[in-house]
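[1] quick one, structure for this:
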Amino acid sequence: MIILDYLFYRLYAFCLKIKITSPAFSAIIFFAALIALNVEGIKLLIYPTASENYNVIRYYYFFIIAVLYFIYIFKDRYVKISEKYKNESSLQKKLGYSIIIIYFLLSQVLLFFTRYS
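    The predicted model follows:
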């Protein structure tokens, strides 16, 4: 859960930096998209002949948004997470960014190999 909290925090901080109107909810949308892509990649890895049913993808995408909303926004948990990571050192930021980059790369590799294998 710590890695997911940190990933949410980085998305939230990015949304704050580019001055999006609702940074917490925008971070939830981005985060849900990443999780939905991972779920889709795992589904295709397990069931390579599964047909693409975009209605199902849409439904679990909205389900993921709802779950993330209740985890991070409903009781202002994102504020606590933001306070936790706000004063991180330069070394901690570099390590955190490295973990996030690895996560993104592995997600893309998973999607690439499930689509084109």
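[2] what residue is smack in the middle of this protein?
    Against the mean C-alpha coordinate of the chain, by C-alpha atoms, centre = their mean, the closest residue is F31 at 2.8 Å.
[3] so which strand or helix has that one?
    Using DSSP states H and E, F31 sits within helix 23-46.
[4] quick one: distance of that helix to the chain centre.
    Chain-centre distance of helix 23-46: 6 Å, with C-alpha atoms, centre = their mean, to the nearest Å.
[5] what's the answer for stretch 96-104, then?
    In terms of C-alpha atoms, centre = their mean, the centre of stretch 96-104 is found 11 Å from the chain centre.
[6] state the distance from the residue nearest to the centre of the chain to N87.
    23 Å (C-beta to C-beta, to the nearest Å). To be clear about C-beta, it is placed using only N, CA and C from the backbone, and glycine gets the same treatment.
[7] show the pLDDT at K80.
    Note for K80: predicted pLDDT of 91.
[8] what's the distance between it and I73?
    Distance from K80 to I73, by C-beta to C-beta: 12 Å.
[9] which one's more surrounded, the two?
    More crowded of K80 and I73, by other C-beta atoms under 10 Å: I73, with 16 against 11.
[10] how close does the residue nearest to the more buried one when sequence neighbours are not counted sit to Y78?
    Nearest residue to I73, sequence neighbours excluded (C-beta to C-beta, 6 or more residues apart in numbering): A24, at 5.3 Å. Separation of A24 from Y78 (C-beta to C-beta): 5 Å.
[11] joint contacts of these two?
    When C-beta atoms under 8 Å, 6 or more residues apart in numbering defines a contact, the residues bordering A24 and Y78 alike are 12, 72.
[12] sorry, back to before: mind listing what's buried along the helix holding F31?
    By 16 or more other C-beta atoms under 10 Å, the buried positions in helix 23-46 come out as 23-29, 31-32, 35-37, 40-41, 44.
[13] contact partners of the helix or strand just after it?
    Note on helix 23-46: by DSSP H and E, the next helix or strand toward the C-terminus is helix 54-68. Residues outside helix 54-68 that contact it (C-beta under 8 Å, 6+ apart): 8, 28-29, 31-33, 35-36, 39-40.
[14] this completes my enquiry, with thanks.
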